[in-house]
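Q: sequence-free structure coming up:
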Ligand SMILES: Nc1ncnc2c1ncn2[C@@H]1O[C@H](COP(=O)(O)OP(=O)(O)OP(=O)(O)O)[C@@H](O)[C@H]1O
C-alpha cells in the first residue's frame, strides 16, 4: 500500500502537541514514557494512533485529552496551553472541548441510553431548549432511535459503543479521543463502530483520534501516526478509496 507522508499544510490543527515528555518516578527509578512527542490533530480527519504494547499510546491519549499532564512540552487546544495548568483548569478544558470513547464503553448501567446521553449534556452545560429531543437526536444519528429507553444490559457491545459515541458528541467537542474502541467487539460490530467514527470525523469542526491495535481499523484512517518507545516514528496518510481500500461509502448523517 503506497502512503503519503502527512503534510504540514492543510486546515489549522484543532490540537497541537510540541515536544511532549512524560516521566514518572516508579520508586525503582524514573521511567521515561514519552520522549518528545510532537503531533497535531486536524479537523475533518480520523487519525489512528498505533504502536506496540507499552509504547506510550494510552499515556499520550491521556495527555492530549487533559486527563494527565505532561512533564514538559506544550499542548495547544482550543486557545489554551494545557501543560502546567491546574487539575481544575484541565478538567474544564476536558469538559468543554474533549469527547472520550473507551474500550469498555463506561456507560452508567442504571441509566437508559437516552439518560446516558442526557447526563453528558448536563456535564457539558449543553442542555438545549429540548434536551430530551437533543439526546434522542444524537442517538438517532448513530442508528439507535429504536433503543432510546433500553438499559445498557439490554444492548449489544456494538450498540453500547454507539451510545458511548453519541454521548461523546454531546456538547459538540472539537476533539474526540477513542481508546481501543473496537477491541471488545466482533468484526461486524467493530466495522460498524469504525464506519461511525469515520463519519463523525467528517465534520469539518472536529478531529477524531483512535488508539488501536486492531488492524481491521486501518482502512478507515485518514492518517496513521505510529509511536514506538515513546517517540513518533511514522505519520502517514494512506490513500483512500482505491480498489479494496478506503472506508465504505456512508449514507448516514451523523449530527452531534
Ligand atoms: N502510572 C504508571 N506507573 C508505572 N508505569 C507506567 C504508568 N503508566 C504507564 N506506565 C508504563 O509506561 C509504558 C507505556 O504505557 P502506556 O499504557 O501508555 O502504553 P500503551 O502503548 O498504551 O500500551 P498498551 O497497548 O499495552 O495499552 C508501559 O511500559 C507502562 O507499563
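A: Alright, I've got the coordinates. Note that the coordinates shown come from a computational prediction; the quantities given were computed from them, not determined experimentally. Numbering: from 1, shown residues only.

Q: what about the strands in this structure?
A: Assigned strands in the chain, in chain order: 4-5, 15-25, 30-41, 46-50, 72-77, 80-81, 98-102, 175-179, 207-211, 223-228, 231-237 (criterion: DSSP state E).

Q: and the ligand, which of those is closest to it?
A: Of all these, the one in closest proximity to the ligand, counting by C-beta to the nearest ligand atom, is strand 30-41 (4.3 Å). The C-beta positions use only the backbone N, C-alpha and C, and glycine is treated the same way.

Q: can that closest one be found next to the ligand?
A: Yes: between strand 30-41 and the ligand, judged by C-beta under 6 Å from any ligand atom, the touching residues are 31, 33.

Q: tell me what angle that strand forms with strand 207-211.
A: If you take axes from the mean of the first three to the mean of the last three C-alpha atoms, to 10 degrees, strand 30-41 sits at 140 degrees to strand 207-211.

Q: quick one: distance of strand 30-41 to the chain centre.
A: Distance of strand 30-41 from the chain centroid (C-alpha atoms, centre = their mean, to the nearest Å) equals 18 Å.

Q: rank the strands of the chain by pLDDT, which is bottom?
A: Here the strands of the chain differ in mean pLDDT, and the lowest is strand 4-5 at a mean of 56.

Q: still on that earlier bit, any chance of the strands of the chain in JSON lines with mean neighbour count as columns?
A: As requested, the strands of the chain are arranged in JSON lines below (neighbours: other C-beta atoms under 10 Å):
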{"stretch": "strand 4-5", "mean neighbour count": "10"}
{"stretch": "strand 15-25", "mean neighbour count": "18"}
{"stretch": "strand 30-41", "mean neighbour count": "18"}
{"stretch": "strand 46-50", "mean neighbour count": "24"}
{"stretch": "strand 72-77", "mean neighbour count": "18"}
{"stretch": "strand 80-81", "mean neighbour count": "14"}
{"stretch": "strand 98-102", "mean neighbour count": "22"}
{"stretch": "strand 175-179", "mean neighbour count": "25"}
{"stretch": "strand 207-211", "mean neighbour count": "26"}
{"stretch": "strand 223-228", "mean neighbour count": "20"}
{"stretch": "strand 231-237", "mean neighbour count": "16"}
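
Q: show residues contacting stretch 120-135.
A: Contacting residues not belonging to stretch 120-135 are listed as 95, 96, 114, 117, 118, 166, 167, 168, 170, 171, 172, 173 [C-beta atoms under 8 Å, 6 or more residues apart in numbering].

Q: looking at those, which is nearest the ligand?
A: Sorting the contacts of stretch 120-135 by distance to the ligand puts residue 168 at the head of the list, at 19.2 Å, by C-beta to the nearest ligand atom.

Q: relative to the ligand, how far out is residue 86?
A: The spacing between residue 86 and the ligand, counted by C-beta to the nearest ligand atom, to the nearest Å, is 20 Å.

Q: scratch that, residue 140
A: Plainly put, residue 140 is 33 Å away from the ligand if you go by C-beta to the nearest ligand atom.

Q: what do you get for residue 62?
A: Per C-beta to the nearest ligand atom, residue 62 is found 8 Å from the ligand.

Q: so that residue touches residue 70, yeah?
A: No: with contacts counted by C-beta atoms under 8 Å, residue 62 stays clear of residue 70, the gap being 9.8 Å.

Q: compare the two (neighbour count), which wins?
A: In this comparison of residue 62 against residue 70, neighbours counted by other C-beta atoms under 10 Å, the higher total goes to residue 70 at 23 against 17.

Q: how about the contacts made by that one?
A: Taking C-beta under 8 Å, 6+ apart as the definition of contact, the neighbours of residue 70 are 20, 21, 22, 34, 63, 83.
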